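Asker: Here is a sequence with its predicted model. Questions after.
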Amino acid sequence: MTQVTIAKLIAEALLINGVKRIYGIIGTSILDFIDALYDYQDRINFITTRHEQVAVSAADGEARVTANFGVAAVHAGPGFMNSLISLAIAMKDRIPVLLITGGVRRRLRGTDAWLEVDQESIAKAIVKKYLRISKSSEAIEILGEAFRNLLTYPRGPVVIEVPEDIWNEKVELKSEDLELLKIKEAIPERPPQNIVKEIANSLINSKRPLILACGELVYNKYFESQYLISLAEKTGSYIVTSGNARGACSEDHERSLGRCGFGGGNIVADNAIENCDFLLVLGNEFDDITTYAYTLLPKGEVFVISKDDSVNKRPRYYEFLNYEPLYFLKELNEQISGKYTHNKSEWDSKILEWKNQWMKMIEEALNKKYSNAVNPSKFFYFLDKLAPKNRIITGGQGVHILYAYDFIKIYKPRTFLASTNLGAMGYAFPAAIGAKISNVNDEVITILGDGDFMMTVQDLETLKREKIPLKIIIVNDNSYRVLYLRQVIQKQGRIYETLLSNPDFVALANSFGIEGIRVDNDDKIDEAINKLLNSKESYLVELIIDPNDMPPLNLKQTLAMSR
């Protein structure tokens, strides 16, 4: 038995669970915690960001690529409020992030004190669990509850509030307490074999079977692409993904059709969703995004396998089976032995037809010419060819992310990050910071719009100070282009408050000590890509593009959704 302060107790609990870093910003309400971390510098790295939104989304990015959880720490009141959008992103995408926030002194609680807002009430709708340590005797139990909630389904962010005056209070720490604080993985419930067999037979016997892989499946650290590929090959199925599951099956595999749904789906995946006669959904994202607000639905049966009860809130176009998706996938593979021998040539023929249609759209985009602007499709097409396969891509929100969907292939699970289910700007750059810090051997490229980048641009300083070799691509159309194009197409050209002006992003990067290049015509594409990929430090490419450029997308279904 030993006595430790609550600040050191939390540090020890993080170490027990393999935490190597915390993202955050110091404040008076967490000063004692940061002081305690001074003695843990060789084991826990505290990375100071320039905004709390960046800290929490960097922790989110680390959680996604490591299939573990990320940690952030922020000041009470304003620091906590600045973290809200990132907590909501993590909640909507079911990402385990632990946020340690300060709180006002206990004797001032409820007095409308300096820094005081009702943090718990504000956070209730956007976190999985909000916990507060109000006395030292309950600290160990609350920490244990926090860790248990982080990695149980459905996953999501957990907040621990620590009042400013409690950090240095001491608690008795026994060896058995350390066991309580260590995350223990729950054993998934085994699905009934008759249900597994029924779905296996449906996949085998259907003429047009399809599997939709979701984030809930791939964010399981035990997920491997081979489980999914094996099932598809044994049943003659094709694989489509949600935005969060890109790379569940390498996108150059013959069974992979890529991403489906609004904001990045291709017509091959979308048509497959609409025309399949049996759809197996592994995860919680058969939702308004993958179905264009339920305007694109399969003609046949749909079975959803998920541990996320949110699927019960959606229009029930499916049968819901409350089991862990990866475990269910493994059981299906066990149920189906041998190689696939059934003839589904009609389905194969339709898929090939749609692939040819999509390739024509891609070729048309690549052949566009602009004066005083680069063709962004061409830039990303060549970037895909030249970038190493061990790459992690983060995408912002806006039309620019379509280039990342259309032209950049994803080869491994958990290597494409975006604010898929909240659709929030300001996520991709911070997430790339966390992804790169926790995956030093992978090339991390963040693809941003000018509007998206301007929301977190201050953390170029973090890149430089922490020596993070991140590759940044700014698609500069001087507009909020999603809304600009909607005004052009749907509002008869009534353009209002969507055209912007921007700084010189290369000069701005230079002012932070980061090199870059401006690309305003196709002749500069090769030079820019070579400089970007060969730089050993952070590097920024600014693409000057025409705001009227429309990347390949399922425009018909997108317009149907907007109506």
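Answerer: Yep, it's here.
Asker: Pass me the low-pLDDT residue ranges in this structure, would you?
Answerer: Within the chain, the stretches with pLDDT under 70 are 339-342.
Asker: Longest helix in it, please.
Answerer: In the chain, with assignment by DSSP state H, the single longest helix is helix 345-366.
Asker: So residue 130: helix, strand or coil?
Answerer: Following DSSP: H, G, I helix; E, B strand; the rest coil, residue 130 is assigned to strand.
Asker: on contacts alone, who are the packing partners of the longest helix of the chain?
Answerer: helix 267-275, helix 376-386, helix 401-407 (3 or more Cβ pairs under 8 Å, 6 or more residues apart in numbering; DSSP states H and E). Where you see a C-beta, it was placed from the backbone N, CA and C, and this is true even at glycine.
Asker: out of those, deepest packed?
Answerer: helix 401-407 (a mean of 25; mean count of other Cβ atoms under 10 Å).
Asker: neighbouring contacts of the helix or strand that that helix is followed by?
Answerer: For helix 401-407, the succeeding helix or strand toward the C-terminus, using DSSP states H and E, is strand 416-418. Strand 416-418 is contacted from outside by 61, 64-65, 243-244, 246-247, 392-397, 401, 404, 410, 427-428, 431-432, 435, using Cβ atoms under 8 Å, 6 or more residues apart in numbering.
Asker: returning to what we had before: need the contact partners of the longest helix of the chain.
Answerer: 207-209, 236, 238, 257, 266-268, 271-272, 275, 375, 377-378, 381, 406-407, 551-552.
Asker: just the angle between it and helix 267-275, please?
Answerer: Inter-element angle recorded for helix 345-366 and helix 267-275: 140 degrees (by axes from the mean of the first three to the mean of the last three Cα atoms, to 10 degrees).
Asker: ok, for residue 302, nearest residue in space, not its chain neighbours?
Answerer: Among residues not flanking residue 302 along the chain, residue 318 sits closest, at 3.7 Å (Cβ to Cβ, 6 or more residues apart in numbering).
Asker: do the same with residue 494
Answerer: Nearest one to residue 494, counting by Cβ to Cβ, 6+ apart, is residue 487 at 5.8 Å.
Asker: That neighbour touches residue 481, doesn't it?
Answerer: No - between residue 487 and residue 481 there is no contact under Cβ atoms under 8 Å: 10.3 Å.
Asker: quick one: the helices in the stretch 201-350 of the chain?
Answerer: Remark: helices assigned in the stretch 201-350 of the chain by DSSP state H, counting those that start in this stretch are 215-218, 225-235, 267-275, 325-335, 345-366.
Asker: what would those helices look like in CSV with distance to residue 510?
Answerer: Listed next are these as CSV, based on distance: least, Cβ to Cβ, whole Å:
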stretch, distance to residue 510
helix 215-218, 37
helix 225-235, 41
helix 267-275, 41
helix 325-335, 46
helix 345-366, 31
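Asker: What is the distance between stretch 231-242 and the centre of its chain?
Answerer: Distance of stretch 231-242 from the chain centroid (Cα atoms, centre = their mean, to the nearest Å) equals 23 Å.
Asker: Tell me if residue 159 really is in a strand.
Answerer: Yes - assigned with three-state DSSP, residue 159 falls within a strand.
Asker: Verify the stated contact: it with residue 102.
Answerer: No - using Cβ under 8 Å, residue 159 makes no contact with residue 102, being 11.3 Å away.
Asker: Please save the CA atoms from the helix or strand where residue 139 lies in PDB.
Answerer: Using DSSP H and E, residue 139 sits in helix 139-150. Extracted C-alpha coordinates of helix 139-150, given in PDB (Å, rounded to 0.1, in the frame of the first residue of the first chain):
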ATOM      1  CA  ALA A 139     -11.200   8.500  -7.300                       C
ATOM      2  CA  ILE A 140     -10.100   4.900  -7.900                       C
ATOM      3  CA  GLU A 141     -13.700   3.700  -8.500                       C
ATOM      4  CA  ILE A 142     -14.500   6.600 -10.900                       C
ATOM      5  CA  LEU A 143     -11.200   6.100 -12.900                       C
ATOM      6  CA  GLY A 144     -12.100   2.400 -13.200                       C
ATOM      7  CA  GLU A 145     -15.500   3.200 -14.500                       C
ATOM      8  CA  ALA A 146     -14.100   5.600 -17.000                       C
ATOM      9  CA  PHE A 147     -11.700   3.000 -18.500                       C
ATOM     10  CA  ARG A 148     -14.400   0.400 -18.600                       C
ATOM     11  CA  ASN A 149     -16.700   2.700 -20.600                       C
ATOM     12  CA  LEU A 150     -14.000   3.700 -23.100                       C
END
